[in-house]
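*Asks:* mind looking at a prediction? Sequence and model below.
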Amino acid sequence: MLKHVGDLSMEVTVLGPCKNPSPLALSVEDDDFIPNYAEDEAKVLYTSLHDRDVPDVTEAFEAAGPRREIYFDPRKIRAGIVTCGGLCPGINNVVSAIVNELINEYKVRSVVGFRYGFAGLVASEGYETWDLTPESTRNWNLKGGSMLGSSRGPQDPEQMLDTLEQLNINVLFTIGGDGTLRGARAMFEAAQARGSRIAMVGVPKTIDNDIPFINRTFGFETAVSKAAEAIVAAQIEAEGAPRGVGLVRLMGRNSGYIAAHAALAAGYTDVVLVPESPFQLEGSNGLYEVLERRLQKQGHAVIVVAEGAGQDLFDENDLQKDASGNRKLMDIGRFLGDRLIGHNKSLGRPVNLKYIDPS
């Protein structure tokens, strides 16, 4: 966990001075029942807490919100939207909301939707673009997945920038996780090197909720809700058998937010294993002994494990990478299930284990 962020820049890079008046009819006065513009001087403190182990915190983020003056003349620009990475509840809602705000409120000339993630920004892939309007995106919020499509894997930022320049895109909204945000940064740096005036807007998207400085990413609450249902089912299975064990594997490559929150929401969990906290199988505090103590005490137990937990227990030679360059995760759920069954059988005290993987 970060203890201070003094080495990080809190400033949002700008393309130049903002001289165009915003088309939004907002207010600068309080108590007039009209939403206010956000002032450039408004800040959000990195933390409101202080203790003796953490130096005084003066770092602050620029407050989000509409400004009175903006860089582009909205009537003269084209915006683009791309969705990348894994699917997440709420993607279509976000796309539809961006389109409505840009066209209906900011009066932007047109909005282009790029198909199938960053691959849709590479001309050689041959994917068509969509013209997005409030009419064409109506009811997208009622549909799952991503209407624009998605893909994984890095693309050449120079080639993607070529496409943006050819289509006269002034602002690109990138909806995705950490890999997508890194890709957007690479495009922005390439644009700066060329002298291209293209703004990149990152919309954090991950059900894992593991992007720094974001309180809650969209899709996280839905993921927790569904995961909690799986934990409840595991509890019912465990209670219905002697020495019953319910084992649930949940999403969470590098973080255990879903596992931890779902376990708290369900209220039935005995052990939660997350990537942030390494664990062992053997020893007095190992999983084998912790589980046995639970079984001796209450006759059943529920274990929740995030998919990224316990990867150090696998042979390094078995690890591979996916198209995005991420390490492919080994199936920790099945691994633990096999180990727990085998270990307890070898000791003459078998368990009845039910494995649930809602992902």
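*Replies:* Okay, I see it.

*Asks:* what pLDDT is listed against Asp7?
*Replies:* pLDDT, Asp7: 60.

*Asks:* what bits of this structure have low per-residue confidence?
*Replies:* The chain contains residues with pLDDT under 70 at 1-8, 50-57, 319, 322-326.

*Asks:* which residues touch the closest residue in space to Tyr106 that isn't next to it in sequence?
*Replies:* Take Tyr106 and drop its neighbours on the chain: the residue closest to it by CB to CB, 6 or more residues apart in numbering is Pro74, 4.3 Å away. Heads up, the C-betas are built off the backbone N, CA and C, glycines and all. When contacts are counted by CB atoms under 8 Å, 6 or more residues apart in numbering, Pro74 touches 20, 23, 102, 106-109.

*Asks:* got TSV for those residues, with secondary structure, distance to Gly183 and neighbour count too?
*Replies:* Listed next are the contacts of Pro74 as TSV, based on DSSP: H, G, I helix; E, B strand; the rest coil; distance: CB to CB, whole Å; neighbours: other CB atoms under 10 Å:
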residue	secondary structure	distance to Gly183	neighbour count
Asn20	strand	28	13
Pro23	coil	30	14
Leu102	helix	22	23
Tyr106	coil	25	18
Lys107	coil	29	12
Val108	coil	23	22
Arg109	coil	25	16
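
*Asks:* now for those: which two are most distant?
*Replies:* Asn20 and Leu102 (14.7 Å; CB to CB).

*Asks:* could you give the number of residues near the residue nearest to Cys18 when sequence neighbours are not counted?
*Replies:* Using CB to CB, 6+ apart and skipping residues adjacent in sequence, the residue nearest Cys18 is Glu69, 4.3 Å away. Counted by other CB atoms under 10 Å, the residues lying close to Glu69 total 12.

*Asks:* I figured Glu69 hits Pro23, correct?
*Replies:* No: using CB atoms under 8 Å, Glu69 is not in contact with Pro23; the gap is 11.3 Å.

*Asks:* bridging across strands, which residues link to the closest residue to Lys19 other than its chain neighbours?
*Replies:* Distance criterion CB to CB, 6+ apart; nearest residue to Lys19, sequence neighbours excluded, is Glu69 at 6.1 Å. Counting by DSSP bridges, Glu69 forms beta bridges with Pro21.

*Asks:* if we can go back for a sec, tell me the one of the contacts of Pro74 nearest Pro212?
*Replies:* Here the nearest of these to Pro212, counting by CB to CB, is Leu102; it sits at 27.2 Å.

*Asks:* how close does the residue nearest to the closest one when sequence neighbours are not counted sit to Ala79?
*Replies:* In space, and not counting its chain neighbours, Leu102 is closest to Val108: 4.2 Å by CB to CB, 6+ apart. Plainly put, Val108 is 6 Å away from Ala79 if you go by CB to CB, to the nearest Å.

*Asks:* okay, and the common contacts of these two?
*Replies:* Common neighbours of Val108 and Ala79, using CB under 8 Å, 6+ apart, are Leu102.

*Asks:* so where do the helices sit in the stretch 1-150 of the chain?
*Replies:* With DSSP state H, counting those that start in this stretch as the criterion, the stretch 1-150 of the chain has helices at 91-100.

*Asks:* so where do the helices sit in the stretch 251-359 of the chain?
*Replies:* Listed in chain order, the helices of the stretch 251-359 of the chain (DSSP H, counting those that start in this stretch) span residues 257-266, 287-298, 332-346.

*Asks:* buried deepest among these, which one?
*Replies:* The highest average neighbour count among the helices of the stretch 251-359 of the chain, using mean count of other CB atoms under 10 Å, belongs to helix 257-266 at a mean of 22.

*Asks:* helices and strands around it, which ones?
*Replies:* Applying 3 or more CB pairs under 8 Å, 6 or more residues apart in numbering; DSSP states H and E, one finds that helix 257-266 contacts helix 220-239, strand 244-250, strand 271-273, strand 300-306.
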